[in-house]
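**Q** Could you work out the structure for the sequence below:
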Amino acid sequence: MPQSVIRVFVAQTGSVTEISFWDMITHSGPMVFGVLLLLVLASVASWAIIAYKGWMMRQAQVHSIAFLESFWQSKRLDEIYGESEKFARSPIAQVFRAGYVELAKVKQRSQEKDERSEMRESLDPSSNIERALRRAATSEQTHLDSLVPFLATTGATAPFVGLLGTVIGIMKAFRDIGNVGSANLATVAPGIAEALIATAAGLFAAIPAVVAFNYFNTRSRILASEMDNFSSDFMNIVRRHFF
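**A** Numbers count the residues shown, from 1 in each chain. Modelled structure (predicted):
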C-alpha cells in the first residue's frame, strides 16, 4: 500500500475510498492550510539553522584543538599571535588575540615615562588583560549562541501550533458531519485525517529542533568552559613572565 494514500473502507457499500495526503492538505481549509504552511516554513528554517550551526560548531572545535596544540608547543607569544590568524573560527584563538593585544598595550604603557607613572604603578595592570579576555569570551559566546534560540522557540511552540490546526480541522469535520447528517466512517475519516496532519507537522518541526537545541547548547557550554580554562592559563603565564 503506498504511504502517500490513506484507504478508507465503507462498510455499507463495501467500497474503498483512497485519500492522498496532498488532497487532505489542499482541502483542509484556509486556517489549517495556513498552520501547515507556517510549520513547513519553521521546519525548513530549523533545518537550515541546524546545518549551519553544525558546520560552525564543528569548525570551532577543530580550529580550537589545532590552536591549543600550537599554543602549548610554541615558546613565544608573538609567534602564537601570528599563527592564530590560521584559526579564525576558533573562539579560544580569538580570546587569546584579545588578551595578547591588551598585553602589548599594557607593556607599551609601562615603558612610557611621564608624570603619572607612580599612579600606574599602584594599579594592577593584569586586570586590564583579564577584562579583555572576559569581553572576548562573552563576544564569542554570543556568536556561538546565535540562531540557537530560534530552535528552542520552534521546539516549544510547533506542537501547540500543530494542535491548533488539529482543533480547527476537527471542528471542520464535525461541521461536515452536521451538514451531511450522518456520522459514518466515510464522512468522519477525511476530516480527522486532515486534522491529524497538523499535529504530525508540528511534531516533525519540533522534534529535530529540540534535539539540535540541546546538542548545540551543550557544545556551546563546553567551548565556554574551554575559553574560561584557557583564560586562566593565559593569565598565569602572563603573571609569571611579565608581572
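**Q** For the residue nearest in space to the middle of the chain, which residues are in contact?
**A** Centroid check for the chain by CA atoms, centre = their mean gives residue 148 as the closest residue, at 2.5 Å. For residue 148, the contact set (CB atoms under 8 Å, 6 or more residues apart in numbering) comprises 49, 53, 213, 216-217, 220. Where you see a C-beta, it was placed from the backbone N, CA and C, and this is true even at glycine.
**Q** from those residues, which ones fall inside helices?
**A** 49, 53, 213, 216-217, 220 (DSSP state H).
**Q** How about the strand or helix carrying residue 132, which residues are buried there?
**A** Counting by DSSP states H and E, the element that carries residue 132 is helix 126-145. Buried residues in helix 126-145, counted by 16 or more other CB atoms under 10 Å: 126, 128-130, 132-134, 136-137, 140-141, 144.
**Q** Tell me where the chain has helices.
**A** 21-26, 30-73, 77-83, 91-111, 117-122, 126-145, 148-180, 185-242.
**Q** tell me the angle of the last one relative to helix 126-145?
**A** Our comparison of helix 185-242 with helix 126-145, counting by axes from the mean of the first three to the mean of the last three CA atoms, to 10 degrees, yields an angle of 160 degrees.
**Q** hmm, who's touching the helix holding residue 132?
**A** 56-57, 60, 91, 94-95, 97-99, 101-103, 105-106, 219-220, 223-224, 227-228, 231, 234-235, 238-239, 243.
**Q** Give the buried subset of these as a ChimeraX selection command.
**A** The buried residues among these can be selected in ChimeraX (16+ other CB under 10 Å) with this line:
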select :56,57,60,91,94,95,97,98,99,102,103,106,219,220,223,224,227,231,234,235,238
